[in-house]
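Asker: need a structure here:
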Amino acid sequence: MGSTLLPGSSPLFLPGGEGGVLLLHPLASSPAELRSLALQLHGSGLTALCPRLPGHGTNPNDLAATRWEDWLAGAAEGLDALWEACSRVVAVGAGTGALLALLLAAVRPADVDGVVGLDPPAPLRAPARALLLLASTVRKSAPLTWPYPPRLPAPARAVGELLRLERALHRNLPRISAPVLVMRAGAHSGLGSLTRRLPSPWVEALPESEEAIAWRVRRFLSSLGNPAEEREGPPEDPGQPPSPEGGMR
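Answerer: Alright, predicted model coming up:
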């Protein structure tokens with residue numbers, strides 16, 4: 001008998017236009033955390049898919065039994081499913097999901113047209129940072145500031161897999177050719193080692209609402225020549241303006 005899914009943890013698929021958005025949730029979270037953002041994007045005519053990553057949405061023991069390669073494989077399955085319905089796909093990852101989205105763009109460059117990272121975690125190279133992450137049950141990488149479903153505690157083994165995922169990503173960063181938009185919360189100076197190795201990423205402040213985040217994702221898609229049909233034309237920006245550090249760098 002399989003583990004019981006937590007409420008809202010089932011994968012979410014919202015069919016729409018030819019522009020597809022793959023939404024990847026953070027570590028120890030589930031699709032419930034990105035449901036509202038998915039609905040916002042779908043409401044503008046996009047096809048949205050938020051898979052439940054392996055080991056997530058049930059209990060810490062299931063998460064401890066998985067490896068980062070399993071999470072990446074789950075994300076890749078979602079990417080394949082989107083390509084069956086879409087002609088352009090952007091990967092949007094929150095927290096650890098942003099690392100998976102970037103790694104997908106590195107290992108499958110022909111299948112990822114762009115990447116949006118919502119507050120990707122700063123590097124966890126020092127053991128003290130890993131212990132801090134464990135003690136805070138991964139709250140430090142929370143990308144969204146409005147209320148969201150509680151996350152499960154992250155087992156020590158899962159934190160170790162996060163470290164291995166980060167190393168794998170940094171080895172593969174030079175392979176990324178897709179445009180990248182990073183929205184970060186606060187100063188997050190530790191992201192410099194990541195953004196400096198990306199091809200001219202956009203770096204902006206993370207807005208405080210899913211509506212504003214959705215608008216920026218749609219704007220990013222449009223900049224790629226996205227074929228998705230937006231029902232009411234270009235949206236008005238409901239969020240804060242980009243931070244002074246935003247723009248191409």
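Asker: E161 and R67 touch, don't they?
Answerer: Yes: with contact defined as C-beta atoms under 8 Å, E161 counts as touching R67 (5.6 Å). The way it works is simple: take the backbone N, C-alpha and C, and place the C-beta from them, glycine included.
Asker: Tell me which of those two has more neighbours.
Answerer: Between E161 and R67, E161 has the larger neighbour count (other C-beta atoms under 10 Å), namely 23 against 16.
Asker: Apart from its chain neighbours, what residue comes closest to the more buried one?
Answerer: W68 (4.5 Å; C-beta to C-beta, 6 or more residues apart in numbering).
Asker: Same check on L39?
Answerer: Closest to L39 by C-beta to C-beta, 6+ apart is L14, at 7.2 Å.
Asker: any idea how far the one you found is from L23?
Answerer: Separation of L14 from L23 (C-beta to C-beta, to the nearest Å) stands at 10 Å.
Asker: what sits in contact with each of those two?
Answerer: A38, L41, A48, L49 (C-beta atoms under 8 Å, 6 or more residues apart in numbering).
Asker: got the contact list for the second one?
Answerer: Pointing back at L41 there. L41 sits next to L14, V21, L23, A48, A214, V217, R218 when contact means C-beta under 8 Å, 6+ apart.
Asker: ok, these vs G74, which is closest?
Answerer: Checking those against G74 with C-beta to C-beta, the nearest one is L23 at 12.5 Å.
Asker: any idea how far R196 is from the closest one?
Answerer: Separation of L23 from R196 (C-beta to C-beta): 26 Å.
Asker: ok, these two, which is more surrounded?
Answerer: L23 (29 against 10).
Asker: Ramachandran coordinates for the more buried one?
Answerer: Torsion angles at L23 (phi, psi; degrees, to the nearest 10) stand at phi -100, psi 120.
Asker: which residues touch the closest residue in space to it that isn't next to it in sequence?
Answerer: Nearest residue to L23 in three dimensions, chain neighbours excluded: C50, at 4.0 Å (C-beta to C-beta, 6+ apart). By C-beta under 8 Å, 6+ apart, the residues touching C50 are P11, L12, F13, L22, L23, L24, H25, P31, L34, R35, A38, G78.
Asker: go on, L5?
Answerer: R52, G57, T58.
Asker: which of those tops the neighbour count?
Answerer: Counting neighbours by other C-beta under 10 Å, the top entry in the contacts of L5 is G57, with 26 neighbours.
Asker: Helices along the protein, start to end?
Answerer: Assigned by DSSP state H, the chain shows helices spanning 35-43, 60-64, 68-83, 96-107, 127-135, 156-172, 192-195, 210-223.
Asker: which of these is buried the deepest?
Answerer: Of the helices of the chain, the one with the most neighbours on average (mean count of other C-beta atoms under 10 Å) is helix 96-107, at a mean of 26.
Asker: Now that one: average pLDDT?
Answerer: For helix 96-107, mean pLDDT rounds to 97.
Asker: Quick one: closest of the helices of the chain to M183.
Answerer: Using C-beta to C-beta, the nearest of the helices of the chain to M183 is helix 210-223, at 6.8 Å.
Asker: packing partners for the closest one?
Answerer: strand 19-24, helix 35-43, strand 88-94, strand 114-118, strand 180-184 (3 or more C-beta pairs under 8 Å, 6 or more residues apart in numbering; DSSP states H and E).
Asker: just the angle between it and strand 114-118, please?
Answerer: For helix 210-223 against strand 114-118, the angle by axes from the mean of the first three to the mean of the last three C-alpha atoms, to 10 degrees is 160 degrees.
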